[in-house]
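**Student:** quick check, what structure comes out for this input:
(one chain, ligands or ions: 2)
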Amino acid sequence: MPPDSTKRAEPAPETGSILSVAKTERTEATEKTELFSLADSHTHLESSEFDGDREQVFKRAWASGVRYLVAIGSGSGPHRLRAGLEMAEGRDWVYPTIGIHPHEARLATEEHFAELARLAAEPRVIAVGEIGLDYHYDHSPRDAQQTVFRRQLELAEANRLPVVIHCREAWPDCLRILEEQWKRTGLGGIFHCFSGSFDDARRGLDAGFYISFAGPLTFPKAADLRDVAARVPWDRVLVETDCPFLAPVPQRGKRNEPSFVRYVAEQMGIVRGVSAQEAAAATTRNFLTFLGKIRRSGRSAAAAS
Ligand SMILES: [Zn+2]
Ligand SMILES: [Zn+2]
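**Tutor:** Residues are numbered from 1 along each chain as shown. Ligands and ions are numbered 1, 2, ... in the order given. Modelled structure (predicted):
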């Protein structure tokens, strides 16, 4: 869940983007299909913003080349811990997480933690998230955020699951907690909608994290963020929409959706000096590697290999 919320709007028609050209080229060869496929590493499709056309949104995602989609399970609060699992139901290309967002840390009860523990055992769950710290909004007191964050790290470790981290204006505390409590597990995870400095990214990389970039990478004023994206090791970069929030240019201001992740991948290609196709292929490959590292047998990750 991100800062800006966006207005509801109809998605624009197909544009002549490089990736859509690539898409039409991948015809027979399965290998080529994989090459140009996209992974959206962070979505909130359970959001009420999609109540009117959710099925169409999934269809457009698939049609645009999205083959892997993470359904974040923090929903609208800890009373909705199954939000990601519900999105994944009947869709084998959707990978659910479970977790309590730092915004709602103040609402977390023992019952919610007990439910999290139960849900962590569900074989399709790929991560605990999004969890972390948000000192920009401070929707929950910081000590409550830290307690709920730490408890969910314990839960993730007990279940051998990686974590999806939300961090805004809280890098010193977030990185300190991860270095104290998480790094040694070797389970890693994803820094989602990354907004920190390269030094923050480097500490995350050292702790085993992938760095995922969202719509802000395409924003005109985000030169610093693009500099960071250019320097993160190529095998640790992911892309995401964080939909319905933060739609990338040229869809900025509209409701975001997974079919727009290609604009983030295209921008990543520009930033890294590679083609859009190569950026899509690399980030998708990285996502598959991330899934492959999830150790628990019988989880959906095994099916992705
Ligand atoms: Zn977030
Ligand atoms: Zn989110």
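
**Student:** quick one: end-to-end length of stretch 247-261, please.
**Tutor:** Stretch 247-261 has an end-to-end distance of 9 Å (criterion: C-alpha to C-alpha, to the nearest Å).

**Student:** quick one: contacts of it?
**Tutor:** 6-12, 15, 38-40, 43, 45, 49-50, 57-58, 60-61, 63-64, 66, 69, 214-215, 217-220, 239-246, 263-264, 267 (C-beta atoms under 8 Å, 6 or more residues apart in numbering). C-betas here are computed from N, CA, C, even on glycine.

**Student:** is that stretch in proximity to ligand 2?
**Tutor:** No: with C-beta under 5 Å from the ion as the criterion, ligand 2 is not reached by stretch 247-261; the gap is at least 10.8 Å.

**Student:** in that stretch, what counts as buried?
**Tutor:** The neighbour-count check on stretch 247-261 (16 or more other C-beta atoms under 10 Å) flags 247-249, 251-252, 254-261 as buried.

**Student:** which residues are in contact with A158?
**Tutor:** Contacts of A158 by C-beta under 8 Å, 6+ apart are 117, 120.

**Student:** neighbours around the closest residue to ligand 1 within the stretch 151-300 of the chain, how many?
**Tutor:** In the stretch 151-300 of the chain, the residue that lies nearest ligand 1 is H166 (3.5 Å; C-beta to the ion). Residues near H166, counting by other C-beta atoms under 10 Å, number 26.

**Student:** and whichever strand or helix holds it, how far from the chain's centre?
**Tutor:** Counting by DSSP states H and E, the element that carries H166 is strand 163-168. Counting by C-alpha atoms, centre = their mean, to the nearest Å, strand 163-168 is centred 9 Å from the centre of its parent chain.

**Student:** any idea of the angle the helix or strand that that strand is followed by forms with strand 163-168?
**Tutor:** Remark: after strand 163-168, the chain's next helix or strand is helix 171-181, criterion DSSP H and E. Comparing the axes of helix 171-181 and strand 163-168 via axes from the mean of the first three to the mean of the last three C-alpha atoms, to 10 degrees yields an angle of 160 degrees.

**Student:** other residues contacting whatever helix or strand comes next after helix 171-181?
**Tutor:** Using DSSP H and E, the helix or strand that directly follows helix 171-181 along the chain is strand 189-191. Strand 189-191 has contacts (C-beta under 8 Å, 6+ apart) with 41-42, 127, 129, 162-165, 167, 182, 201, 204, 208-212, 238, 290.

**Student:** next one: stretch 74-86
**Tutor:** Contacts of stretch 74-86 (C-beta under 8 Å, 6+ apart): 1, 44, 46-48, 70-73, 96-101, 104, 107-109, 112, 115-116, 119, 122, 124-125, 129-131.

**Student:** try it again with 7 Å
**Tutor:** Stretch 74-86 is contacted from outside by 1, 46, 71-73, 96-101, 104, 107-108, 112, 115-116, 119, 122, 124, 130, using C-beta atoms under 7 Å, 6 or more residues apart in numbering.

**Student:** how about the CA coordinates for it, as PDB?
**Tutor:** Extracted in PDB, the C-alpha atoms of stretch 74-86 (Å, rounded to 0.1, in the frame of the first residue of the first chain):
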ATOM      1  CA  SER A  74      -2.500  -7.300   3.800                       C
ATOM      2  CA  GLY A  75      -5.800  -6.100   2.300                       C
ATOM      3  CA  SER A  76      -7.600  -3.200   4.000                       C
ATOM      4  CA  GLY A  77      -6.400  -4.400   7.400                       C
ATOM      5  CA  PRO A  78      -5.800  -7.400   9.600                       C
ATOM      6  CA  HIS A  79      -9.500  -8.400   9.400                       C
ATOM      7  CA  ARG A  80      -8.700  -9.300   5.700                       C
ATOM      8  CA  LEU A  81      -5.700 -11.600   6.000                       C
ATOM      9  CA  ARG A  82      -7.100 -13.900   3.200                       C
ATOM     10  CA  ALA A  83      -7.200 -11.100   0.600                       C
ATOM     11  CA  GLY A  84      -4.200 -12.400  -1.400                       C
ATOM     12  CA  LEU A  85      -5.300 -16.000  -1.100                       C
ATOM     13  CA  GLU A  86      -8.700 -15.100  -2.500                       C
END
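
**Student:** does it come close to ligand 1?
**Tutor:** No: Stretch 74-86 lies out of reach of ligand 1 by C-beta under 5 Å from the ion, never closer than 8.3 Å.

**Student:** mind listing what's buried in that stretch?
**Tutor:** For stretch 74-86, by 16+ other C-beta under 10 Å, it's 74-75, 78, 81-86.
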